[in-house]
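A.B. asks: Give me the fold of what follows.
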Amino acid sequence: AYRLAEGRMAYATASRGFKAGGFNPTSLPGSEEYAEEQSWSYEGGVKTQWLADRVSFNATVFFIDWQDMQLNVPNPFVPGQFYISNVGGATSKGLELESMARVAPGCDIFAGFGFTDALFDASELGISGNRVPNMPRYSGNVGGQYSIAVREGADAFFRAEIAFRGAYHYDDANTQQQEAYSTANFRAGVRGERLMVEAWTRNAFDTFYIPTAFVYFGQPSGFVGESGAPRTFGVRVGVTF
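C.D. replies: This is a model prediction of the structure:
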């Protein structure tokens, strides 16, 4: 890391990682064991503060190189059964941006955005060039929070946030995918020196989505998954001693 000036920093990292190999309790003949997965990760970016620290902006670029990547692979002869296999190499590259600003006393806004391009390299499974599953090309969030004093030692607050994710595939063959979706979350309440009360709702507009699904040959679609949580809401009370 290098400090460029007051409130300005640039950094870079390089790291080597691995995931141990092992044995499958059940698998296709010849796939009883799987090798160690290895990766190199590179990252660089800047972290900055502006306007007397009222505004922050951070940017990061990254590159990950996997070798002998381990994935859960379905057994085509036993519905619902999976085993771990080395599917070959993969690379992931992209960028992440995030910013926060205090636009007025008690009023903060924030936003973040990420872009990822994750693809399989040469593979014995015939998936070269396919997208790595469960990795959307983009994701992000935007929102704000406002608080105001209602009496001495007590503040009322309201927070709103929208999170979004791009489309992504469920499997390495890229046969099924979740389309892009977004969810909205809200919170409002009062916070004092010892007592806090808030009401909240998640997925306020009741967006339907399936965050994860798996190959399952016993289903007409060939997949089984679980839908994301629908609109939920509640009240939270806290006491500080």
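A.B. asks: Can you give the contact residues for stretch 94-109?
C.D. replies: Residues outside stretch 94-109 that contact it (Cβ atoms under 8 Å, 6 or more residues apart in numbering): 45, 54-62, 110-118, 142-148, 155. Every C-beta, even on glycine, is put in place using the N, C-alpha and C of the backbone.
A.B. asks: hmm, try it at 7 Å
C.D. replies: 54-62, 110-117, 144-148 (Cβ atoms under 7 Å, 6 or more residues apart in numbering).
A.B. asks: where in the protein is pLDDT low?
C.D. replies: 123-124, 218 (pLDDT under 70).
A.B. asks: Quick check: buried residues in stretch 178-190?
C.D. replies: Counting neighbours by 16 or more other Cβ atoms under 10 Å, one finds that the buried residues in stretch 178-190 are 178, 181, 183-187, 189.
A.B. asks: ok so, going back, buried by neighbour count, from the contacts of stretch 94-109: which ones?
C.D. replies: Judged by 16+ other Cβ under 10 Å, buried ones among those: 55-56, 58, 60, 62, 111-112, 114-116, 144, 146-147.
A.B. asks: Filter those down to just the ones in strands.
C.D. replies: Secondary structure from DSSP state E places 55-56, 58, 60, 62, 111-112, 114-116, 144, 146-147 of the buried ones among the contacts of stretch 94-109 in strands.
A.B. asks: hmm, back to that, got a markdown table for the buried ones among the contacts of stretch 94-109, with distance to E6 too?
C.D. replies: Converted to a markdown table, the buried ones among the contacts of stretch 94-109 look like this (distance: Cβ to Cβ, whole Å):
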| residue | distance to E6 |
| --- | --- |
| V55 | 14 |
| S56 | 13 |
| N58 | 16 |
| T60 | 21 |
| F62 | 27 |
| A111 | 24 |
| G112 | 24 |
| G114 | 28 |
| F115 | 30 |
| T116 | 32 |
| G144 | 27 |
| Y146 | 29 |
| S147 | 28 |
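A.B. asks: Tell me the one among the residues you listed nearest to S39.
C.D. replies: F62 (11.8 Å; Cβ to Cβ).
A.B. asks: now that closest one, nearest residue through space, not along the chain?
C.D. replies: Spatial nearest neighbour of F62, chain neighbours left out: E43 (4.5 Å); criterion: Cβ to Cβ, 6 or more residues apart in numbering.
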